[in-house]
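Asks: Sharing a sequence plus its predicted fold:
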Amino acid sequence: MVKTNEIVRVAIADSSIIIRSGLAMVLKRLPHLKIQPIEILSPTVLTDIFKTQLPDVLIVNPSFGHFFDIDAFVEKYKESGIRVVALVSGFTDSSLLAKYDASISIFDDLDTINEKIVGLKNLAKIEEEESEQDVLSQREKEIVVCVVKGLTNKEIAEKLFLSIHTVITHRKNISKKLQIHSVSGLTIYAIVNKLIELSEVKDL
């Protein structure tokens, strides 16, 4: 369940003031979340802001500053837990989008944007389940179901609109939480916890 008192710091990096300010207004209207938007108009401003205050989420146009180097950014901030979301306002190569944790289009409605923001891993306090027994987040349960159905990391990433890196991170977290390190073990867990029906499991 989403905790309504959770403040989520979201940096928005785009050269267009209309897109930046418009998205900031939309984010403030998201239900159950208190979004604190930070508008970033240039790569220099982004660098300066990240020296003093790290946001929970960076929403960035892939063409920001002519070209936003997502690989370099992820490497630099991999220990910070920042989630990077592509802000799509035109045609963007799908192979490039796969490097981001998620993507938001300027054509997305409020519900879609809300679902994507809430679904980002490691807004951990937002994604926590109320029950101690229910140790997996909703996104982690979706990953378990995909694994049990026999999907590859690439297929899971495409199905859930995540990067392959994020899927791998989810799988490591799932193994750590459940202390289960095999697909057969996850299959038993999924069936016992009614995440999946026997008929849906591949090769059974």
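Replies: Yes, it's here.

Asks: CA atoms only for the top helix by length along the chain, dumped as CSV, please.
Replies: Among the segments of the chain that qualify as a helix by DSSP state H, the longest is helix 164-178. Written as CSV, here are the backbone C-alpha positions of helix 164-178 (Å, rounded to 0.1, in the frame of the first residue of the first chain):
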residue,chain,number,x,y,z
ILE,A,164,17.5,-5.5,-18.3
HIS,A,165,19.7,-4.1,-15.5
THR,A,166,16.6,-3.3,-13.4
VAL,A,167,15.2,-6.8,-14.0
ILE,A,168,18.5,-8.4,-12.8
THR,A,169,18.5,-6.2,-9.7
HIS,A,170,15.0,-7.2,-8.9
ARG,A,171,15.9,-10.9,-9.3
LYS,A,172,18.9,-10.5,-6.9
ASN,A,173,16.6,-8.8,-4.4
ILE,A,174,14.0,-11.5,-4.7
SER,A,175,16.6,-14.2,-4.1
LYS,A,176,17.9,-12.3,-1.1
LYS,A,177,14.5,-11.8,0.4
LEU,A,178,13.2,-15.3,-0.1
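
Asks: how distant is the helix or strand following that helix from the center of its chain?
Replies: Reading on from helix 164-178 to the C-terminus, the next helix or strand found by DSSP states H and E is helix 183-192. Relative to its parent chain, helix 183-192 has a centroid offset of 25 Å by CA atoms, centre = their mean, to the nearest Å.
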